[in-house]
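**Student:** Sequence and predicted structure below; questions after.
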Amino acid sequence: MKIDDFYNDYSRNYEKVIRLPLVDRFMINRDRAVFDFLPNSKDSVILDFGCGTGYYLMPLVKSAKKIVAIDASKGMIEVLRKRINKYRIKKIKTRIASIENFETKEKFDLILSIGVFNYLDDIELVLSKTYNLLKRGGTFIFTVPDRNNVFGWLYAMFWRIFNVKNKLYNKNDLVDALENTGFEVVGVKNDKNNFPTFHITIKAVK
């Protein structure tokens with residue numbers, strides 16, 4: 001099954017699932033790592049690829065100048081658009097697109113990618129594109145399931161039930177890939193310093 005097809009069906013229940021007690025236990029710490037890594041977003045132009053329902057965007061709306069939110073899942077974008085309309089948020093612009101086929105001349109101060117890289121085929125290509133989309137001095141924050149964490153493996157096995165491929169990553173491999181692209185890695189959190197979680201959260205700057 002293609003991941004965007006799965007999330008089209010999953011979109012209505014997504015935020016209910018991530019708040020379930022066992023899931024929530026891991027997500028809280030992943031989310032804390034993401035928010036700890038966020039730079040001052042005042043007047044920033046932000047790109048969130050794989051934005052889902054906009055879960056991470058709401059705390060950024062007040063201070064950001066503009067947010068571009070993209071997701072390959074039409075269902076996820078529709079949930080986000082309903083939220084935008086409900087609260088009359090004009091700063092968030094949405095597009096149904098993957099990072100691979102997203103095209104713009106705009107440059108961003110901050111790019112987020114939360115729980116997306118594990119579904120991608122060519123991480124080097126996506127890192128290169130992300131690097132080119134950032135302004136000089138811009139920040140990139142992303143998370144992926146940890147290959148060295150038993151719960152990361154259980155997470156991947158869960159997705160196999162739905163016949164959805166899900167990659168796990170090693171922290172050192174990710175750092176090498178980022179540095180080879182030109183990024184400077186300035187922060188890494190996983191279960192070694194952010195327990196309990198099965199995610200690796202990385203902050204890098206251009």
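**Tutor:** Sure, I can see it.
**Student:** can you map out the strands along the protein?
**Tutor:** 45-49, 66-71, 92-96, 108-114, 134-145, 184-189, 199-205 (DSSP state E).
**Student:** Give me the contact list for the fourth one.
**Tutor:** Under the criterion C-beta atoms under 8 Å, 6 or more residues apart in numbering, residues 30, 34, 38-39, 41, 44-52, 55-56, 68, 99, 130, 133-135, 138-143 lie in contact with strand 108-114. C-beta coordinates here come from the backbone N, C-alpha and C atoms, glycine included.
**Student:** Buried ones from those, can you make that a PyMOL selection?
**Tutor:** Restricted to buried positions by 16 or more other C-beta atoms under 10 Å, the PyMOL selection for the contacts of strand 108-114 reads:
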select buried, resi 30+34+38+41+44+45+46+47+48+49+50+51+52+55+56+68+99+130+133+134+138+139+140+141+142+143
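**Student:** Out of the strands of the chain, flag the one nearest residue 26.
**Tutor:** Judged by C-beta to C-beta, the one of the strands of the chain that comes nearest to residue 26 is strand 199-205, at 7.4 Å.
**Student:** Show me what the closest one is packed up against.
**Tutor:** helix 21-37, strand 134-145, helix 171-181, strand 184-189 (3 or more C-beta pairs under 8 Å, 6 or more residues apart in numbering; DSSP states H and E).
**Student:** re the thing from before, export the strands of the chain as TSV, with columns for distance to residue 175.
**Tutor:** Shown next, in TSV, are those (distance: least, C-beta to C-beta, whole Å):
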stretch	distance to residue 175
strand 45-49	20
strand 66-71	25
strand 92-96	30
strand 108-114	16
strand 134-145	12
strand 184-189	5
strand 199-205	7
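**Student:** Residue 3: which of those is closest?
**Tutor:** strand 66-71 (10.4 Å).
**Student:** Describe which strands that closest one pairs with in its sheet and in which direction.
**Tutor:** Strand 66-71 sits in its sheet next to strand 45-49 (parallel), strand 92-96 (parallel), going by DSSP bridges.
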